[in-house]
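Undergrad: Okay, here's the prediction I keep looking at, along with the sequence it came from:
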Amino acid sequence: MIQSNKKKCIVLLSGGLDSATVLKIAQKDFEVVALAFDYGQRHKFELNAAKKIAKKNSIILNEIKIDLAQFGNSALTDDISVPKNQDIGKEIPITYVPVRNTIFLSYTLAFAEVNEIFDIFIGVNALDYSGYPDCRPEFITAFEKMANEGTKFAQGENKIQIHTPLIDLTKAQIITKGIHLGVDYSMTHSCYDPSESGLSCGQCDACILRKAGFEAANITDPTSYQ
């Protein structure tokens, strides 16, 4: 087995469009270890997508199981209908999962400390998104500061860096970049409310943003919609 001379990084790989793009970006300079979260989400097809993407890119995928459904209060984890065809960005939608990215990054930070990995990549985006507060640059900056203040392994010269290469890109720009890097978007899953067979609804925020991104990028959307 060929040993890589690259530094290791962790990529949060959800199986969605953004995380698949981030993975390809990270692979240019790092040896990637990926984390996927089974958190009680209704759209578990994204986990299957994450596994396929990891396998295709020959990376190790660590699946972490947590139960955010026990808290509820989100259409992604509770018995609440996923909103369809709503005005995106007008208000924080019910698909927001309370403290999700804080929890994900905290688990990732624990994994990073145990494995002495200082670079973390996450596909948050603050332009074409649903308005979740934990996708903003301010949140990432605050978490990174906390991570460096509150962990043993960051008390030396090496510091934790949270990379957000998509944070100021439009969905069309993300897709264009991903196509250039060789991302196979047919393997990704975005829909919050897929059918039992995994067909995307085409009407939730995630589907609308995805469809609009491909259209603006003038690239054919490979997604199968209901």
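TA: Happy to help now that I have it.

Undergrad: Could you use CA atoms for every contact and neighbour count after this?
TA: Fine.

Undergrad: where along the protein do the helices fall?
TA: Secondary structure of the chain, counting by DSSP state H: helices at 17-27, 45-56, 100-115, 137-150, 171-181, 205-217.

Undergrad: Of the ones you listed, give the one that comes closest to residue 77.
TA: In terms of CA to CA, the element of those nearest to residue 77 is helix 100-115, at 11.0 Å.

Undergrad: Next, count neighbours for the closest residue to residue 149 other than its chain neighbours.
TA: Nearest residue to residue 149, sequence neighbours excluded (CA to CA, 6 or more residues apart in numbering): residue 155, at 7.7 Å. Neighbour count of residue 155, defined by other CA atoms under 10 Å: 12.

Undergrad: Which residues are in contact with residue 124?
TA: 18, 135-136, 164, 166-167 (CA atoms under 8 Å, 6 or more residues apart in numbering).

Undergrad: Can you check the residues you listed and name whichever has the most neighbours?
TA: Busiest of the contacts of residue 124 [other CA under 10 Å] is residue 18, holding 25 neighbours.

Undergrad: For that one, list the residues it contacts.
TA: If you count contacts by CA under 8 Å, 6+ apart, residue 18 has them with 123-124, 166, 174.

Undergrad: Same check on residue 50?
TA: Here residue 50 is in contact with 13-16, 36, 188 (CA under 8 Å, 6+ apart).

Undergrad: Now go through the residues you listed and say which are in strands.
TA: Residues from the contacts of residue 50 lying in strands, with DSSP state E as the criterion: residue 36.

Undergrad: farthest-separated two in the contacts of residue 50?
TA: Greatest spatial distance in the contacts of residue 50: 36 and 188, 13.4 Å, computed using CA to CA.

Undergrad: More neighbours: the two, which one.
TA: Taking neighbours as other CA under 10 Å, residue 36 and residue 188 compare with residue 188 leading, 26 against 21.

Undergrad: Next, work out how far apart the more buried one and residue 223 are.
TA: 8 Å (CA to CA, to the nearest Å).

Undergrad: And for residue 124?
TA: Residue 124 sits 21 Å away from residue 223 when distances are taken as CA to CA.

Undergrad: who are the neighbours in contact with residue 189?
TA: Residue 189 neighbours (CA under 8 Å, 6+ apart): 15-17, 45-46, 49.

Undergrad: Quick check: residue 192 touching residue 209?
TA: No - using CA atoms under 8 Å as the test, residue 192 is too far from residue 209 to be in contact (11.8 Å).

Undergrad: Neighbour count for these two, which is higher?
TA: Set side by side, residue 192 and residue 209 show more neighbours around residue 192, with 25 against 21, by other CA under 10 Å.

Undergrad: Give me the pLDDT for that one.
TA: The per-residue pLDDT reported for residue 192 equals 96.

Undergrad: Ok, residue 89 next?
TA: pLDDT, residue 89: 84.
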